[in-house]
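[1] Any chance you could fold what I've pasted below:
(chains A and B)
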Amino acid sequence: MTQMSEGSERSDIQQAKSHLQQTLEKGKFAVTAEIWPAKGANAQRVRNKAAILKGWVDAVNPTDNPTAIIRMSGLVTSLILLEEGVEPVLQLQARDRNRLALQSDVLGASAMGIRNILCLTGDHQSFGKDPQAKGVFDIDSTQMLQAFKRMRDEGLFISGERVKPRPELFLGGAANPFGDPFEARVPRLAKKINAGAQFVQTQPVFDLERFYKWMAQVRSRGFHEKVHIIAGISPLKKARVARIMQEKVPGMLVPPEVVERMESASDPEEEGVKLAVELIQQVKAIEGVSGVHIMAAAWEKIVPVVVREAGLR
Amino acid sequence: MIITEQKDFSDILKMLERQKRVFIVGCAQCATLCKTGGEPEVLHMKQRLEDAGLEVTGWVVLDPACHVLGDKRAFRKQREEIEIADSILVLACGNGVQAVGEALNRAAIPGIDTLFLGDIVRANEFQQRCTMCGECILDKTGGVCPVARCGKHLLNGPCGGSQDGKCETNPDEPCIWEIIVERLKADGNLEALEEVTPPKDWSKATDSGPKRLVIDR
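    Below you'll find the predicted structure:
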């Protein structure tokens, strides 16, 4: 070990703040989008998705084995996005990794210039194709936020061992205004803020009434000034998707009028875009909403259309 | 109580392939209450093995099976029946199977699967309540355990998948965090939900490695 590397207190990449963090801190309305990494050993598919989204969004979240189904590593997908000039939001969930793996991934991510990290507990393994897998759940999303914040601010791992140099991070969590019990939802946001969340991305908004109610509680506690709230928007491709989301996806609320609107549409894709654009305009008008996170599942090519029609770019 | 379930009889026969004589061991405690290793189940197993062409050299229901010294004493009375047996089939939890094996200094075969530590909630219905994490936190969680009863062992719950009071992994199971929240609310202590519970010390948990306890008194 040389003197130089021992003494180096800074990360390899000096720029501390991500574009997403700068955008949010300037008070500009942020746009992020989700992509689903390839279900195969093919980097080109990620590059193609990056090319579709480049210039349309501030950052892109590659999902981390979503619904407990194997896809290409989110960390590697994030690195490919960086190579393509698209800023990633690295999603890390606790189902597949213990505290050792999570903290080591964060060091690698920060060293390579990834700043934005979204901390998730993860969907239960029983939802995917490997229900026989052992779920790790060593630490949860809140504990993950606290651990990464400590690595960044105090230079300490969970164990108390020193981190040198410290990672540069912009930390986020998920918030679900649509899950139950409703009275626990704002306290849980408070807990994530206490743990270190600087931004939150919400589950997709379809039930505006519920979202208004949640935001009112968030504002009454002043939390919109402590954390950047990015509202989830999910463009629907088919009426069937709306119905499945309401009936099968835990913690989602899709009002019947949304399902009916999609079912009676002559062109469901066009209707899905219209609905997403309307929802973006409605959530953008809410005090305390700092941006939107567009979750189009594997329909990434619709994201630029939605962003353009909503007048966000 | 240790909750157990009988293995498929065809799987038991597979384990006894190429064996002629079997000695059966049951347990008078948990396995009796679960109806997997009490006297009626031991006698039923004897009948089925004999119907399948095997010879049963003898049987015993230990009280309990998970007591190595007690097992040794009990087996002295049936030494010959045990010695002539090719296999010892144990209808007790995994602890019981190994205690019997240790008492006899030979491998014993499990006839039942060990499922969980649970309560009898009504006749013939058992529910998991504890995973033996080695560090009880029930004082902080309204007396119900998220380590055992939340699919993600969440200490900072509820997760985003809780809806209508049900767990996302199984609509027959309550979301345990919904119950915790209700109890905190009843105590006027909802603010407790805003305190971060730090990472758990899993080194104390039952599956972190071999465990031993010696009482000094």
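
[2] Near chain A, which residues of chain B are found?
    Residues of chain B found near chain A (Cβ under 8 Å from any Cβ of the partner chain) are B:151-165, B:168-170, B:175, B:177-178, B:181-182, B:185, B:190-191, B:193-200, B:202. (C-beta placed from N, C-alpha, C; glycine too.)

[3] Determine how far the last residue of stretch A:159-166 lies from the first.
    15 Å (Cα to Cα, to the nearest Å).

[4] Buried ones in it, by neighbour count?
    For stretch A:159-166, the buried set under the neighbour-count rule, 16 or more other Cβ atoms under 10 Å in any protein chain shown, comprises A:163, A:165-166.

[5] taking the residues of chain B next to chain A one by one, which sit in strands?
    Counting by DSSP state E, the residues of chain B next to chain A place residue B:170 in strands.

[6] on that earlier part again, any idea which of the buried residues of stretch A:159-166 is closest to residue B:208?
    Of all those, residue B:208 sits closest to residue A:163, with 25.1 Å by Cβ to Cβ.

[7] Per-residue pLDDT of that closest one, please?
    We have a pLDDT of 97 for residue A:163.

[8] Surely it is in contact with residue A:149?
    No: counting by Cβ atoms under 8 Å, residue A:163 does not reach residue A:149; the two are 11.9 Å apart.

[9] and the lengthiest strand in chain B, what's its mean pLDDT?
    When chain B is parsed with DSSP E, its longest strand is strand B:112-122. Average pLDDT, strand B:112-122: 96.

[10] Mind checking which of the residues of chain B next to chain A land in helices?
    B:177-178, B:181-182, B:185 (DSSP state H).

[11] Most neighbours out of those residues, which is it?
    Each of these was scored for neighbours by other Cβ atoms under 10 Å in any protein chain shown, and residue B:177 scores highest at 28 neighbours.

[12] quick one, what contacts that one?
    A:181, A:184, B:146, B:150, B:154, B:157-159, B:162 (Cβ atoms under 8 Å, 6 or more residues apart in numbering or on different chains).

[13] likewise residue A:277?
    Residue A:277 makes contact with A:306, A:309-310, according to Cβ under 8 Å, 6+ apart.

[14] any idea how far it is from chain B?
    According to Cβ to the nearest Cβ, to the nearest Å, residue A:277 stands 25 Å off from chain B.

[15] Helix, strand, or coil at that residue?
    helix (DSSP: H, G, I helix; E, B strand; the rest coil).

[16] Which ChimeraX command selects the buried ones in the residues of chain B next to chain A?
    Filtering the residues of chain B next to chain A down to the buried ones (16+ other Cβ under 10 Å) takes a single ChimeraX command:
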select /B:151,152,153,154,155,156,157,158,159,160,161,162,163,168,169,175,177,178,181,182,193,194,196,197,199,200,202
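
[17] Which residue ranges of the stretch 101-250 of chain A form helices?
    A:141-153, A:185-195, A:208-220, A:239-248 (DSSP state H, counting those that start in this stretch).

[18] Could you tell me how many residues sit around residue B:124?
    The burial count for residue B:124: 8, using other Cβ under 10 Å.

[19] and if you look at residue B:52?
    Neighbours of residue B:52 (other Cβ under 10 Å): 12.

[20] Relative to residue B:22, how far out is the closest residue to it other than its chain neighbours?
    Nearest residue to residue B:52 in three dimensions, chain neighbours excluded: residue B:13, at 6.0 Å (Cβ to Cβ, 6 or more residues apart in numbering or on different chains). According to Cβ to Cβ, to the nearest Å, residue B:13 and residue B:22 sit 11 Å apart.

[21] Then residue B:125?
    31 Å.

[22] Looking at those two, which is more packed in?
    Using other Cβ under 10 Å as the criterion, residue B:125 and residue B:22 rank with residue B:22 on top: 24 against 9.

[23] backbone phi and psi for residue 17, please?
    Using chain A. With angles defined as degrees, to the nearest 10, residue A:17 sits at phi -100, psi 130.

[24] follow-up on the earlier one: the helices of the stretch 101-250 of chain A into JSON lines, with extra columns for distance to residue B:100?
    Output for the helices of the stretch 101-250 of chain A, formatted as JSON lines (distance: least, Cβ to Cβ, whole Å):
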{"stretch": "helix A:141-153", "distance to residue B:100": "42"}
{"stretch": "helix A:185-195", "distance to residue B:100": "48"}
{"stretch": "helix A:208-220", "distance to residue B:100": "58"}
{"stretch": "helix A:239-248", "distance to residue B:100": "47"}
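
[25] Just put those in JSON lines and tack on mean neighbour count and mean pLDDT.
    Below are these laid out as JSON lines (neighbours: other Cβ atoms under 10 Å in any protein chain shown; pLDDT from 0 to 100):
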{"stretch": "helix A:141-153", "mean neighbour count": "23", "mean pLDDT": "98"}
{"stretch": "helix A:185-195", "mean neighbour count": "22", "mean pLDDT": "97"}
{"stretch": "helix A:208-220", "mean neighbour count": "17", "mean pLDDT": "98"}
{"stretch": "helix A:239-248", "mean neighbour count": "16", "mean pLDDT": "90"}
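
[26] To residue A:60, which of those helices lies closest?
    Nearest of the helices of the stretch 101-250 of chain A (Cβ to Cβ): helix A:141-153, 19.9 Å.

[27] The closest one versus helix A:185-195: what angle between them?
    20 degrees (axes from the mean of the first three to the mean of the last three Cα atoms, to 10 degrees).

[28] what does helix A:141-153 contact?
    So helix A:141-153 is contacted by A:92-94, A:99, A:102-103, A:106, A:117, A:119-121, A:139, A:156-158, A:163, A:166-169, A:171, A:173-174, A:191-192, A:195-197, B:155-156, B:196-199 (Cβ under 8 Å, 6+ apart).

[29] Just the ones of those residues in strands?
    The strands, defined by DSSP E, take in A:92-93, A:117, A:119-120, A:171, A:173-174 from the contacts of helix A:141-153.

[30] could you pick out which of these are near chain B?
    Among those, proximity to chain B is found for residue A:174 (Cβ under 8 Å from any Cβ).

[31] Tell me which two of the ones in strands among the contacts of helix A:141-153 sit farthest apart.
    The most distant members of the ones in strands among the contacts of helix A:141-153, if one measures by Cβ to Cβ, are A:93 and A:171, lying 14.5 Å apart.

[32] what about residue B:94, how many residues close to it?
    15.

[33] which ones are touching it?
    Neighbours of residue B:94 in contact, by Cβ under 8 Å, 6+ apart: B:110, B:114.

[34] roughly how far apart are it and residue A:106?
    38 Å.

[35] Quick check, residue A:63 in contact with residue A:71.
    Yes: with contact defined as Cβ under 8 Å, residue A:63 counts as touching residue A:71 (7.1 Å).

[36] In chain B, what residue spans correspond to strands?
    B:2-6, B:21-27, B:55-62, B:87-91, B:109-110, B:112-122, B:125-130, B:166-167, B:170-174.

[37] partners of the fifth one, with directions?
    Looking back up the chat, that one is strand B:109-110. Sheet pairing of strand B:109-110 (DSSP bridges) gives strand B:87-91 (parallel).

[38] go on, the first one?
    Each strand paired with strand B:2-6, and its direction, by DSSP bridges: strand B:112-122 (antiparallel).

[39] can you state the direction angle for the strand it pairs with and strand B:21-27?
    30 degrees.

[40] Quick check: residues of the stretch 101-250 of chain A near chain B?
    Residues of the stretch 101-250 of chain A lying near chain B (Cβ under 8 Å from any Cβ): A:121-124, A:126-127, A:135, A:137-143, A:146-147, A:158, A:174, A:176, A:179-181, A:183-184, A:187-188, A:190-191, A:194-195, A:203, A:250.
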